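Undergrad: Need a 3D model of the following:
(one chain, ligands or ions: 1)
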Amino acid sequence: MTSKTDSGSNSSPFPETAIEAHGLGFSWHPGQETLSFPDFTLNRGEHLFLHGPSGSGKSTLLSLLAGMLRPGNGTIRVLGTDLYQLGAGARDQFRADHMGVIFQQFNLVPYLTTLANVTLPCHLSALRRDNAELTVADEAAGLLRALAIPEDHWQRKVTKLSIGQQQRIAAARALIGAPGLILADEPTSALDTDNRDRFLELLLSLAHRHKTSVLFVSHDRSLASHFHHQLELRGSRG
Ligand SMILES: Nc1ncnc2c1ncn2[C@@H]1O[C@H](COP(=O)(O)OP(=O)(O)OP(=O)(O)O)[C@@H](O)[C@H]1O
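TA: Next up is the predicted model:
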C-alpha cells in the first residue's frame with residue numbers, strides 16, 4: 001500500500017497511485033484539538049479496509065479525501081491531482097468525475113426516484129456517462145438488479161424505500177460510470193448478511209474490472225480479509 005509504482009509505459013491516463021495522503025491534520029473548530037492522520041499511499045486497483053474506534057476520525061478522513069473538508073495541514077493527491085490546489089468548483093467536478101462516495105447517511109436526493117438517484121453521477125459528469133456500459137439506464141438497471149432492488153421500486157421516491165434498500169441505492173450511485181476511486185463509509189451497516197455479501201461481491205468484481213481503488217470503512221472486522229490492505233486510526237490528536 002505504501003510503496004509507489006512508477007506509471008511507466010501504462011497507457012492509462014491516470015498514474016498508478018490513487019491516493020497519496022501526507023501530513024494530514026484537521027481541526028473541526030479553530031483552536032480545538034487537531035485530528036492527525038497517518039501518511040498512506042493506495043495504488044490504483046488496490047482496496048483498503050479502514051477501521052478504528054468510534055470518534056477516531058474515519059468519516060473525517062473520508063471527507064478530506066473526497067475534497068469536502070480542507071485539511072489544516074498536509075496534502076492529498078487523488079489520481080495524481082493535488083485536490084486542494086483545485087478551486088471549489090473544480091474540486092466538485094473532480095469528485096463527480098473520479099469518485100464514488102457512499103456516505104454514512106447515504107445523502108440520497110429525497111425528491112428523486114430510485115433510478116434518478118442512481119443515474120445522477122452520469123448527469124453531473126460526462127466522463128462517468130461515457131464510462132457507462134451500454135446506456136446509463138442499462139447500467140443503472142444492471143446495478144439495481146445485482147443489488148436485489150425489486151424492479152417495481154425503481155420509479156418510487158427513495159424516501160419510500162427501506163433503510164437497507166436506500167443504502168444499496170447509495171452504493172449503486174457510487175458504482176455507476178466506473179469512477180477511479182470508491183470511498184465507502186460503513187456501506188454495509190444497514191444490510192443483512194445476504195445483501196452485505198452481494199454488495200461486497202459486486203463492489204470488488206467491478207473494482208477489479210475497472211481497476212478502481214476502494215477505501216472501505218467498517219466496524220465489522222470480519223470483512224477485512226476481502227481487502228488488500230488495512231489501516232487503523234487510533235484517534236491521535238495534537
Ligand atoms: N460536524 C462536526 N462538527 C464538530 N466535530 C465533529 C463533526 N464531525 C465529527 N466531529 C468530531 O471529530 C472526531 C472524529 O469524528 P468522525 O465522525 O470522523 O469519527 P469516526 O471514526 O468516523 O466515528 P464513528 O465510527 O463513530 O462513525 C470526533 O471527536 C467527532 O466528535
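Undergrad: where does the protein come near the ligand, residue by residue?
TA: Residues of the chain lying close to the ligand by Cβ under 6 Å from any ligand atom are 28, 35, 52, 54-60. Using the backbone N, CA and C atoms, a C-beta is placed for each residue, glycine as well.
Undergrad: any chance of the residues you listed in JSON lines, plus neighbour count?
TA: As requested, the residues of the chain next to the ligand are exported to JSON lines (neighbours: other Cβ atoms under 10 Å):
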{"residue": "Trp28", "neighbour count": "12"}
{"residue": "Leu35", "neighbour count": "23"}
{"residue": "Gly52", "neighbour count": "16"}
{"residue": "Ser54", "neighbour count": "7"}
{"residue": "Gly55", "neighbour count": "11"}
{"residue": "Ser56", "neighbour count": "19"}
{"residue": "Gly57", "neighbour count": "23"}
{"residue": "Lys58", "neighbour count": "25"}
{"residue": "Ser59", "neighbour count": "16"}
{"residue": "Thr60", "neighbour count": "19"}
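Undergrad: Which pair in those residues has the greatest spatial separation?
TA: The largest separation in these, counting by Cβ to Cβ, is between Trp28 and Gly52 at 16.9 Å.
Undergrad: in stretch 227-238, what counts as buried?
TA: Taking 16 or more other Cβ atoms under 10 Å as the neighbour-count basis, stretch 227-238 is seen to contain the buried residues 227, 229, 231, 233.
Undergrad: Show the model's pLDDT score for the nearest residue to the last one once chain neighbours are set aside.
TA: Ranked by Cβ to Cβ, 6 or more residues apart in numbering and with sequence neighbours excluded, the top spatial neighbour of Leu233 is Gly52, at 3.4 Å. Per-residue pLDDT puts Gly52 at 95.
Undergrad: Assign the spatially most central residue of the chain to helix, strand or coil.
TA: The residue lying closest to the centre of the chain (Cα atoms, centre = their mean) is Leu183, at 1.8 Å. Three-state assignment for Leu183 (DSSP: H, G, I helix; E, B strand; the rest coil): strand.
Undergrad: Let me see the contact set for it.
TA: Residues counted as contacts of Leu183 (Cβ atoms under 8 Å, 6 or more residues apart in numbering) are 62, 65-66, 99-102, 215.
Undergrad: Same list (the residues you listed) but as CSV, adding secondary structure, pLDDT and neighbour count.
TA: Supplementary listing: these in CSV, determined by DSSP: H, G, I helix; E, B strand; the rest coil; pLDDT from 0 to 100; neighbours: other Cβ atoms under 10 Å:
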residue, secondary structure, pLDDT, neighbour count
Leu62, helix, 97, 22
Leu65, helix, 97, 25
Ala66, coil, 97, 21
Met99, strand, 97, 22
Gly100, strand, 97, 27
Val101, strand, 96, 23
Ile102, strand, 94, 26
Leu215, strand, 97, 28
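Undergrad: Out of the residues you listed, the closest to the ligand would be?
TA: Of all those, the ligand sits closest to Leu62, with 7.8 Å by Cβ to the nearest ligand atom.
Undergrad: Do I have it right that that closest one meets Asp185?
TA: Yes. Taking contact to mean Cβ atoms under 8 Å, the distance of 5.2 Å between Leu62 and Asp185 places them in contact.
Undergrad: Can you show me the strands along the chain?
TA: With strands called from DSSP state E, the chain shows them at 17-26, 35-36, 40-43, 47-51, 73-78, 81-82, 99-102, 181-185, 213-217, 229-232.
Undergrad: who does the fifth one pair up with?
TA: Strand pairing for strand 73-78, determined by DSSP bridges: strand 17-26 (antiparallel), strand 81-82 (antiparallel).
Undergrad: The biggest helix by length in the chain to strand 181-185, inter-axis angle?
TA: With residue count as the measure and DSSP state H as the assignment, the chain has helix 193-210 as its longest helix. Between helix 193-210 and strand 181-185, the angle comes out at 160 degrees (axes from the mean of the first three to the mean of the last three Cα atoms, to 10 degrees).
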